[in-house]
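> model the structure of this input:
(chains A, B, C and D)
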Protein chains: 2
Amino acid sequence: MSERISEAELAVMEVLWAEAPLTASDVVDRVPIGRGWSDRTVKTLLGRLLAKGVLAHVEEGRRYLYRPTIARADYVAHESGRLVDRLFGGRAAPLVAHLAESGQLSDADLAELQALVRDLRA
Amino acid sequence: MSERISEAELAVMEVLWAEAPLTASDVVDRVPIGRGWSDRTVKTLLGRLLAKGVLAHVEEGRRYLYRPTIARADYVAHESGRLVDRLFGGRAAPLVAHLAESGQLSDADLAELQALVRDLRA
DNA sequence: GGTTATTGATTACACCTGTAGTCGGAGCGT
DNA sequence: ACGCTCCGACTACAGGTGTAATCAATAACC
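Numbering: from 1, shown residues only, chains lettered A, B, ... in the order given. The predicted structure is shown next:
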């Protein structure tokens, strides 16, 4: 459940969150080319993710089909919560304030946020 | 500049962001008790942070005075940006949407955000 | 049927991280 | 001046991570 997913492992999870189940070679083909990983590396990561329990695999003939056991939304919630806890004392509003102040929110983002917050407060 | 600060190291940085400059033993005294660290551990972390260039030290008689070389706000901006890049494709609005949807924003947070966004868009 | 290609399992290895211990020199007490 | 103490520098060591190579079983090819 709560094993940490490393940066490299996340790239593999993203592939499987986008499409699953997949075979190991399918995953290799879909990992962003920029990573420059060999197929062995991807295989290792799949193995570690299995060991961490965040992937499951079922036999499909001579190979395995891999599939996430946790939802991306849950992972994202977990990681967002960790960041908010570590850097903002557990309060989310200061994070947004910070993003805004450090210019990481575009006008479009702000417009979107305004609509979002309005709806949420309704 | 851009060396990563680990979780344990962050606890030391927080002490020095709260108050600086400090001697090593001052830092030891101020690290959250819950960590249960020996003074050696804290010293090691200070050394690693020096090596990473995020701390500087000047001699003060028999000992050193340590002081951050990067601002907490810059670090926070960097880490927030990383999270947003990794999990939300670089767009911050979905983060906020996510925090809201997963119930991590209180009514007070939402009110605060609404005011914040209104001001920012003015 | 023996050889080769695939695929998963096991092993490797260096660097980072958490968590310290040891060594050596500079004052301090007497 | 001598040993005790405090501090910083160096060393240690296991577990995680990035990045792979090797091994073994099986399937496919000729």
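
> around chain B, which positions in chain A sit nearby?
A:7, A:10, A:73, A:76-77, A:79-81, A:83-84, A:86-88, A:91-93, A:95-100, A:102, A:104-105, A:107-114, A:116-118, A:120-121 (CB under 8 Å from any CB of the partner chain). Just so you know, the C-beta spots here come from the backbone N, C-alpha and C atoms, and that holds for glycine as well.

> list buried members of those residues by neighbour count.
A:10, A:76-77, A:79-80, A:83-84, A:87-88, A:91-93, A:95-100, A:104-105, A:109-110, A:112-114, A:116-117, A:120 (16 or more other CB atoms under 10 Å in any protein chain shown).

> contacting residues around the spatially closest residue to residue A:92 that is not a sequence neighbour?
Of all residues not flanking residue A:92 in the chain, residue B:99 sits nearest, at 4.7 Å (CB to CB, 6 or more residues apart in numbering or on different chains). The contact partners of residue B:99, taken as CB atoms under 8 Å, 6 or more residues apart in numbering or on different chains, are A:80, A:84, A:92, A:95, B:105.

> what's the pLDDT at residue B:99?
What the model reports for residue B:99 is a pLDDT of 83.

> how many other residues sit next to the residue nearest to residue A:70 when sequence neighbours are not counted?
Distances taken as CB to CB, 6+ apart put residue A:54 closest to residue A:70, at 5.2 Å, once the chain neighbours are dropped. Residue A:54 has 21 neighbours, counted by other CB atoms under 10 Å in any protein chain shown.

> ditto for the one 10 residues further on
Counted with other CB under 10 Å, the neighbours of residue A:64 add up to 18.

> how about the residues of chain A by DNA strand C?
For chain A, the residues in contact with DNA strand C (CB under 7 Å from any atom of the strand) are A:23, A:24, A:25, A:40, A:43, A:44, A:47, A:62, A:63, A:64.

> pull the most distant pair out of those residues.
The two members of those with the most space between them (CB to CB) are A:44 and A:62, at 19.9 Å.

> between the two, which one's more packed in?
Relative neighbour count places residue A:44 above the other of residue A:44 and residue A:62, with 15 against 6, counting by other CB under 10 Å.

> tell me how far the more buried one lies from residue B:52.
Distance, residue A:44 to residue B:52, by CB to CB, to the nearest Å: 28 Å.

> same deal with residue A:54?
Residue A:54 is 30 Å from residue B:52, by CB to CB.

> same check on residue A:95?
Relative to residue B:52, and taking CB to CB, residue A:95 is found at 24 Å.

> close to DNA strand D: what parts of chain A are there?
So far as CB under 7 Å from any atom of the strand goes, chain A lies against DNA strand D at A:4, A:6-9, A:35-38, A:40-41, A:43-45, A:48, A:62.

> now those: which count as buried?
Applying 16+ other CB under 10 Å to those flags A:9, A:37, A:43, A:45, A:48 as buried.
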